[in-house]
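> Any chance you can model this:
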Amino acid sequence: MRRIAHDLQPTPDTPHLTTVIMDYVASVRGPGAPDFTVELGERSDTDLPATTELGLSRVALEAITNVVRHARATSAAITLRRSEHLLELAVTDDGVGIAQPYVSGIGITSMRSRVQALGGSFELTPRPGGGTILSARVPLP
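Residues are numbered from 1 along each chain as shown. The predicted model follows:
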């Protein structure tokens, strides 16, 4: 248990948020996978608190995994934008969407909890025309 707990903590050599996103998208590309576009804003992962970087990394990976496993999407977009006091992660797809009202499973509940623990907001909404929009906004110091 101790080893698992230590492995969950960021270290100085833990990849930055943008690297985690790009590497994971590259690993899921292939036949049957949606066509991903990734837009990572300038300085979107510079000087982030380690807890913010780790939390949003896990949210991004879970969101991408959900698109690949459940959305039946042909395309998806991942956007990371930073303003002076806010970091926003958005993951959209053109898949089957989620039933309304939806019941959160473990993955969605975990993403929401991670974002809220960082003092942020989490939204999962239907995309006009089909699909899903996930938006996570986290305040920056």
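> So Gly107: helix, strand or coil?
Taking DSSP: H, G, I helix; E, B strand; the rest coil as the rule, one finds Gly107 in the helix state.
> Quick check: closest non-adjacent residue to it.
Glu62 (5.2 Å; C-beta to C-beta, 6 or more residues apart in numbering). No exception for glycine: its C-beta is placed from N, CA and C like everyone else's.
> close enough to count as contact, the one you found and Arg112?
No. Using C-beta atoms under 8 Å, Glu62 is not in contact with Arg112; the gap is 10.5 Å.
> now the nearest residue to Gly97 once chain neighbours are set aside, which residues is it bridged with?
Spatial nearest neighbour of Gly97, excluding adjacent residues (C-beta to C-beta, 6+ apart): Pro126 at 5.1 Å. Note on Pro126: beta-bridge partners by DSSP bridges are Thr132.
> Does anything pack onto the helix or strand containing Ala26? Which helices or strands?
Using DSSP states H and E, Ala26 sits within helix 17-28. On a contact count with 3 or more C-beta pairs under 8 Å, 6 or more residues apart in numbering; DSSP states H and E, helix 17-28 meets strand 35-40, helix 50-66, strand 75-82.
> mind putting the ones you listed in JSON lines, distance to Ile108 included?
Shown next, in JSON lines, are those (distance: least, C-beta to C-beta, whole Å):
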{"stretch": "strand 35-40", "distance to Ile108": "20"}
{"stretch": "helix 50-66", "distance to Ile108": "8"}
{"stretch": "strand 75-82", "distance to Ile108": "16"}
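> between these, which gets nearest to Ala99?
With C-beta to C-beta as the criterion, Ala99 lies closest to helix 50-66 of the helices and strands packed on helix 17-28, at 14.0 Å.
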